[in-house]
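**Student:** build me a structure from this.
(chains A and B)
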There are 2 protein chains.
Amino acid sequence: MTDALYETDAAKLAVAVEEARAGLAEGGIPIGAALFTRDGRLLGRGHNRRVQQDDPSIHGETDAFRNAGRQTSYRDTVMVTTLSPCWYCSGLVRQFGIGRVVVGDDQSFLGGQDWLAENGVEVTVVNDPELIELMGSWIEEHPHLWNEDIGEE
Amino acid sequence: MTDALYETDAAKLAVAVEEARAGLAEGGIPIGAALFTRDGRLLGRGHNRRVQQDDPSIHGETDAFRNAGRQTSYRDTVMVTTLSPCWYCSGLVRQFGIGRVVVGDDQSFLGGQDWLAENGVEVTVVNDPELIELMGSWIEEHPHLWNEDIGEE
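**Tutor:** Numbers count the residues shown, from 1 in each chain, chains lettered A, B, ... in the order given. Below is the predicted model:
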């Protein structure tokens, strides 16, 4: 998508945060993600599109994965996501053998990241205060939409 | 999508098989799925579209889930799939609380169905000989494409 290298976790996470903010600006659920090679080449970026496209299957991670196109190996890739990956997105990471996950915030929601770590995925949690505030206040203001997105009744 | 009721597991599975065969006819990976209410109303049906749309995120189950549109509860729904759901699709079932899964074939591939059962999902395995033959011979003839679809190198 671009020749720039996103070498640090902070640089990688900044792309996911841009995606989350784009989703927010569209009136959507503010969760973004991006898939990189380990050395920092951007393969795909995306964000939750439940509201924008009325599509419940597009979480931040699945959108980034889709936008990265077909790959033959994910072992040397890093999925960076603004929010702890739900079971759906954790299953994606495990099935395709994505080697590393960087989580921006596991305080607003805790998904399957420990299960991933137990199964050999390298998991790094950043807990960026700005992201925690962004997601925490959004959830507080949109409880029904949030529950719909994570399958809570 | 239709007013017909698919009351039996056989009737539900037949829809998923139609989807798998449609995928095969398109030159794609022959896995289909459909989401029903427990009493047999069809909510959405779909099939793997990796080849057709160059989209690695569309497995049979995620396509059926997407095509069912936004739902506020999945507790009383049944995901019927021709092949044992991979971790990605098993994660989908768990996250959204889909209450029941019907698996057409767990001999050609075994995904996360036992994990789902351990976590309260009702899992029924049919092991239809025709489906096992369809998927088994397809995998034998397309090992590279199959490995790509399940993230094996």
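
**Student:** how close does A:P143 sit to B:F109?
**Tutor:** When distance is defined by CB to CB, to the nearest Å, A:P143 is 38 Å away from B:F109. Just so you know, the C-beta spots here come from the backbone N, C-alpha and C atoms, and that holds for glycine as well.

**Student:** just A:T81 next, same as before
**Tutor:** On the measure of CB to CB, A:T81 and B:F109 end up 27 Å apart.

**Student:** hang on, the earlier thing: which one's more surrounded, A:P143 and B:F109?
**Tutor:** The neighbour comparison of A:P143 against B:F109 (other CB atoms under 10 Å in any protein chain shown) goes to B:F109, with 17 against 10.

**Student:** chain neighbours aside, what residue packs nearest to the residue of chain A found nearest chain B?
**Tutor:** Using CB to the nearest CB, the closest approach of chain A to chain B is made by A:G91 at 2.3 Å. Counting by CB to CB, 6 or more residues apart in numbering or on different chains, B:G91 is the residue found nearest to A:G91 once chain neighbours are left out, at 2.3 Å.

**Student:** hmm, the one you found is touching A:S90, no?
**Tutor:** Yes: between B:G91 and A:S90 there is a contact under CB atoms under 8 Å: 5.7 Å.

**Student:** shared neighbours, the two?
**Tutor:** Here B:G91 and A:S90 have A:G112 as joint contacts, going by CB atoms under 8 Å, 6 or more residues apart in numbering or on different chains.

**Student:** look up phi and psi at the most centrally placed residue in chain A.
**Tutor:** Central residue of chain A (CA atoms, centre = their mean): A:T81, 2.7 Å from the mean position. Main-chain dihedrals, A:T81, degrees, to the nearest 10: phi -140, psi 140.

**Student:** how about A:G136?
**Tutor:** Dihedral angles (degrees, to the nearest 10) for A:G136: phi -60, psi -40.

**Student:** that one against A:Q107, yeah?
**Tutor:** Yes: taking CB under 8 Å as the definition, A:G136 is a contact partner of A:Q107 at 7.2 Å.

**Student:** chain B contacts on chain A?
**Tutor:** A:50, A:54-57, A:62, A:65-66, A:68-75, A:86-92, A:94-97, A:112, A:148, A:150-151, A:153 (CB under 8 Å from any CB of the partner chain).

**Student:** list buried residues within these.
**Tutor:** Among the residues of chain A next to chain B, those scoring as buried are A:50, A:55-57, A:62, A:65-66, A:68, A:71, A:74, A:86-92, A:94-97, A:112, A:148, A:150-151 (criterion: 16 or more other CB atoms under 10 Å in any protein chain shown).

**Student:** looking at chain A, which helix is longest?
**Tutor:** If you go by DSSP state H, chain A has its longest helix at helix A:9-25.

**Student:** go ahead and name everything in contact with that one.
**Tutor:** A:6, A:29-34, A:36, A:40, A:42, A:45-49, A:52, A:60, A:64, A:78, A:80-82, A:102, A:104, A:124, A:126, A:128, A:131, A:134-135, A:138.

**Student:** show me where chain A dips below the pLDDT cut-off.
**Tutor:** By pLDDT under 70, the weakly predicted segments of chain A are A:1-2.

**Student:** all helices of it, in order?
**Tutor:** A:9-25, A:50-53, A:60-67, A:87-96, A:113-118, A:129-141, A:143-149.

**Student:** number of nearby residues for the nearest residue to A:A4 once chain neighbours are set aside?
**Tutor:** Spatial nearest neighbour of A:A4, excluding adjacent residues (CB to CB, 6+ apart): A:L42 at 7.2 Å. Other residues within reach of A:L42 by the criterion other CB under 10 Å amount to 22.
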